[in-house]
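Participant: with the sequence up front, the predicted model follows.
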Amino acid sequence: MKFSGLIFANLFRKKLRLILTIGSFAVALFLFAFLAVVRGAFNRGADVAGADRLVTINRVSIIQPLPLAYRDKIQRIPGVLAVTHNNWFGGVYQDEKNFFPQFVIDPENQRKVFPELKVPEDQWQNFLKDRQGAIAGAKTAQRFGWKIGDKIPIKNISYGTSGIWDFNLDGIYHSERPGGDEGQFWFQWDYFEERMPATFKGNTGWYVIKLDSPDKAASVAKTIDDMAANSSFETKTNTESEFAASWVKQFGNIQVLIITIGSVVFFTLLLVTGNTMAISVRERAGELAVLKAIGFSDRWVLMFVLAESLIIALVGGLLGLVLALVAVPTLGAALNGMLPALILSPTILSIGLATALLVGIVAGLLPGIGAMRMRVVNALRRV
Amino acid sequence: MVEVDGNGRNSSQIQVRGLDKTYRRGGEEIHVLQGLNLDVAKGDFVAFMGPSGSGKTTLLNLLGGLDVPTRGSITVAGDEITHMSASKLTSWRARHVGFIFQMYNLIPVLTAFQNVELPLLLTSLSKSDRRKHVETALNVVGLGERVNHYPRQLSGGQEQRVAIARAIVADPTFLLCDEPTGDLDRKSADEIMLLIERLVKEYNKTVLMVTHDPLVAQRADTTLHLEKGLLVEANEPQQVSGGGAA
């Protein structure tokens, strides 16, 4: 590290410029981390979706119902292990800001189809025996400070019989898969059916099908959709991950939007840093020429410029990512469960830092090559 | 012994033979140096004088391996440098040449110590050995007490002393001085010349110096005059029998 003194002395030559350049990296990396976290939240459903699960919805739209009679037909298709049906409830707990997804479930088959969502056996047995029973995801329970045995009043706003529906919290589920959704709220189909409007009876929202092998996904999906073809309730069956991805697409092409913003940010950062390094090298062309005159090779000169650029990228990048580590949980709390958990993963941090360093290298490369190729005699003449 | 007739002894430390340097500017050829011969023995102190554009600095750049001649050869301590690759020339400079510039050319963000240490960073010397060498060099130039001063905290004369310490710290074969007193007042210039004379007399350093100042040139053992690329005059005519165009 005998050259570190020279490198750091040059870095601190213009302190304001250094701070501003590091600040540019910090802001860009913060933005990158934020966008990556949001993108991850939108894609989480697809990421954690089971490869051996299908989702069948009404071909017209997910908000259109499907007949409950389909359940037995689907169950008989070869390759199907279990079928469950879910329905969106969309009630309000205390205040509209307190959003969390509420699903009416088929208790008999829910655990067969979603084995990764674990409920302690005693809690599950209590739930089965309790017509007004409910199971909450661990995150939702923690968010509202719910405990087993609590009464949860939820205002119905989607179905004919308006008013408060009271639930007993009988259990709390955890996801065994990292990043799995622990924000849902489940309650009994029978309780729902008892209070739903007559026009909805005999219907459900969608089916989730557990297969004995992911290889059978295409054939089973086709069989289901063929079975419902030309009926009043035609179906559209996809794998769970395709379903999750198409759900996200309802919000627009988030992925492209986020990648575009991120690319523009990094490209701008590249221009800013490249310009800063070019100015910095131009300002001390004479000094670099002296270094070359006294025996520093062209490669050393390139290395000095690149080292400065990389240090700026590293410090700015780390600063931005640390800021993101602090800010993301705050942002997650502020979103009130509107998105799945915002997770700033080690992968995002690594990609962010690697991208920052790449920008640092590219930004330093052109001025560095210029300095490397600079003729000592010409540069000394300008001093 | 300095000779410019091309008949110098092979034992000369610096041998220049038939040196041409031609630049092209807008289709026109400018012959800066034409068939120059020069022999400089170890411990010689040579001053080059001449009007602007006569090729003094170009000659110094060629001797220091900073530029390549159009024709001719330069041999220093047995090394023919004119055909060396750029990277070899860089290593050669680090070992053999100490540069002293008119504007000192210190790195402003480094202390006197760090500036002097720069050439040693390229060697395999340990940190403690580098420290000893730097302290010795700064003591030779009389700045042993100013090691932690930055260039802006030093006078012009002191800055040039630091530059001289940087030039000698790696014990080069010879020193090239381009107007070393050109930016100094008379008193500081005198101090710098005393120092350079000491390097020649006490440390047997070979010094080649470009200057416009006759008083400074007088301090050298030999003064050679360059005019339009030719060595046309010398203060020791008996030894400078030739020169100029080859």
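Facilitator: Received, thanks.
Participant: what are the ranges of the helices in chain A?
Facilitator: In chain A, the helices defined using DSSP state H lie at A:4-11, A:15-48, A:70-75, A:107-113, A:121-129, A:138-144, A:189-195, A:217-228, A:240-249, A:254-283, A:285-293, A:298-334, A:346-373, A:376-382.
Participant: shouldn't residue B:107 be within a helix?
Facilitator: No: counting by DSSP: H, G, I helix; E, B strand; the rest coil, residue B:107 is not part of a helix but coil.
Participant: and the closest residue to it other than its chain neighbours, what does it touch?
Facilitator: With CB to CB, 6 or more residues apart in numbering or on different chains as the criterion, residue B:107 has its nearest non-adjacent residue at 5.3 Å, and that residue is residue A:287. C-betas here are computed from N, CA, C, even on glycine. Counting by CB atoms under 8 Å, 6 or more residues apart in numbering or on different chains, residue A:287 makes contact with B:105, B:107, B:108.
Participant: which of those residues count as buried?
Facilitator: Buried residues within the contacts of residue A:287, counting neighbours by 16 or more other CB atoms under 10 Å in any protein chain shown: B:105, B:107.
Participant: for the closest residue to chain A within chain B, which non-adjacent residue is closest in space?
Facilitator: In chain B, no residue comes nearer to chain A than residue B:94, which is 2.5 Å away by CB to the nearest CB. For residue B:94, ignoring the flanking residues on the chain, the nearest one in space by CB to CB, 6+ apart is residue A:295 at 2.5 Å.
Participant: that neighbour contacts residue B:89, correct?
Facilitator: No: under the criterion of CB atoms under 8 Å, residue A:295 is not in contact with residue B:89, lying 9.8 Å apart.
Participant: more neighbours, these two?
Facilitator: Neighbours were counted for residue A:295 and for residue B:89 using other CB atoms under 10 Å in any protein chain shown; residue A:295 has more, 24 against 21.
Participant: gap between the more buried one and residue B:200?
Facilitator: Here residue A:295 is placed at a distance of 23 Å from residue B:200 (CB to CB, to the nearest Å).
Participant: now residue B:83
Facilitator: 30 Å.
Participant: and those two? which has more neighbours close in?
Facilitator: For residue B:83 versus residue B:200, neighbours defined as other CB under 10 Å are more numerous around residue B:200 (18 against 10).
Participant: the more buried one: helix or strand, and which one exactly?
Facilitator: Assessed by DSSP states H and E, residue B:200 sits inside helix B:186-201.
Participant: check which helices and strands the one helix or strand the residue of chain B closest to chain A maps to sits against.
Facilitator: Counting by DSSP H and E, the element that carries residue B:94 is helix B:86-96. When contacts are defined as 3 or more CB pairs under 8 Å, 6 or more residues apart in numbering or on different chains; DSSP states H and E, helix B:86-96 sits against helix A:298-334.
Participant: ok, and what's touching stretch A:225-242?
Facilitator: Contact with stretch A:225-242 is made by A:45-47, A:49-51, A:53-60, A:64-67, A:70, A:73-74, A:77, A:208-209, A:217, A:220-222, A:224, A:246, as judged by CB under 8 Å, 6+ apart.
Participant: confidence score at residue 73?
Facilitator: If you meant another chain, say so; for now it's chain A. According to the prediction, residue A:73 has pLDDT 93.
Participant: my bad, chain B
Facilitator: Note on residue B:73: pLDDT of 94.
Participant: now the helix or strand containing it, how far from the chain's geometric center?
Facilitator: Secondary structure from DSSP H and E places residue B:73 in strand B:71-76. Relative to the centre of its chain, strand B:71-76 is centred 16 Å away, using CA atoms, centre = their mean, to the nearest Å.
Participant: render the CA-only coordinates of it in PDB, please.
Facilitator: Taking C-alpha atoms only, strand B:71-76 is exported to PDB below (Å, rounded to 0.1, in the frame of the first residue of the first chain):
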ATOM      1  CA  ARG B  71      18.200  10.100 -36.200                       C
ATOM      2  CA  GLY B  72      21.300   9.400 -34.200                       C
ATOM      3  CA  SER B  73      22.100   7.700 -31.000                       C
ATOM      4  CA  ILE B  74      22.400   8.500 -27.300                       C
ATOM      5  CA  THR B  75      24.300   6.200 -25.000                       C
ATOM      6  CA  VAL B  76      24.300   6.600 -21.300                       C
END
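Participant: tell me if the following helix or strand past it is near chain A.
Facilitator: Sequence-wise, the next helix or strand downstream of strand B:71-76 (DSSP H and E) is strand B:79-80. No: judged by CB under 8 Å from any CB of the partner chain, strand B:79-80 stays clear of chain A, getting no closer than 14.5 Å.
Participant: parallel or antiparallel, list what pairs with strand B:79-80.
Facilitator: Sheet pairing for strand B:79-80, assigned by DSSP bridges, gives strand B:71-76 (antiparallel).
Participant: now do the partner strand against helix B:86-96, angle only.
Facilitator: With axes from the mean of the first three to the mean of the last three CA atoms, to 10 degrees defining the directions, strand B:71-76 sits at 40 degrees from helix B:86-96.
Participant: picking up where we left off before, does the residue of chain B closest to chain A touch residue A:293 like I think?
Facilitator: No: counting by CB under 8 Å, residue A:293 is not a contact partner of residue B:94; they are 9.7 Å apart.
Participant: who has more neighbours, these two?
Facilitator: Higher neighbour count among residue B:94 and residue A:293: residue A:293, with 24 against 19, using other CB under 10 Å.
Participant: quick check: mean pLDDT of stretch A:314-330?
Facilitator: Mean per-residue pLDDT for stretch A:314-330: 93.
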